[in-house]
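Sharing a model prediction with you, sequence too.
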Amino acid sequence: QVQLVESGGGLVQTGGSLRLSCAASGRTASSYSMGWFRQAPGKERVFVAAIRRITGSTYYADSVKGRFTISRDNAKNTVYLQMNSLKPEDTAVYYCAADQSWIVLTTTPNYWGQGTQVTVSS
């Protein structure tokens, strides 16, 4: 199992930037690929970005390509989401996710963090 703790959310103006962090802990934390989802008010939780544990290859939702960057520090078992050029429609609770299966990670991951609020004001 793995435990996930997010940090870094907050309030930012349109066009601004934020960086989210997610620290993974647990005996097998290093064996998990990790990613981010978000859930806006009244909407379903949707995939944002993911990064493979070994190769570091990344995958993004079309809505954030070119604006968001996912990265990870394997020594710290921590994944980051750098969010630039933020828009009001990026407002959501952002959830860190982890899974040992890449396909499962990008669809219905088994492990979730508690979520962190990101609010973009217009």
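Cool, got the structure.

in stretch 62-80, what's buried?
Within stretch 62-80, the residues scored as buried using 16 or more other C-beta atoms under 10 Å are 64, 68, 69, 70, 72, 77, 78, 79, 80. C-betas here are computed from N, CA, C, even on glycine.

before we move on, what about stretch 83-90?
83, 86, 90.

tell me the contacts of residue 85?
Residues near residue 85 by C-beta atoms under 8 Å, 6 or more residues apart in numbering: 15, 17, 67.

State the distance from the residue nearest the centre of the chain to residue 27.
The centre of the chain sits closest to residue 36, judged by C-alpha atoms, centre = their mean, with a distance of 2.3 Å. Taking C-beta to C-beta, to the nearest Å as the measure, residue 36 falls 23 Å from residue 27.

Now do the phi/psi pair for residue 6.
The phi/psi pair for residue 6 (degrees, to the nearest 10) reads phi -90, psi 160.

ok, what's across the strand from it?
residue 22 (DSSP bridges).

do the same with residue 58
residue 51.

quick one: least confident helix or strand in the protein?
Lowest on mean pLDDT, DSSP states H and E among the helices and strands of the chain sits helix 102-105, with a mean of 92.

Show me what it is packed against.
strand 33-39, strand 92-99 (3 or more C-beta pairs under 8 Å, 6 or more residues apart in numbering; DSSP states H and E).

give me that answer again for 7 Å
strand 33-39 (3 or more C-beta pairs under 7 Å, 6 or more residues apart in numbering; DSSP states H and E).
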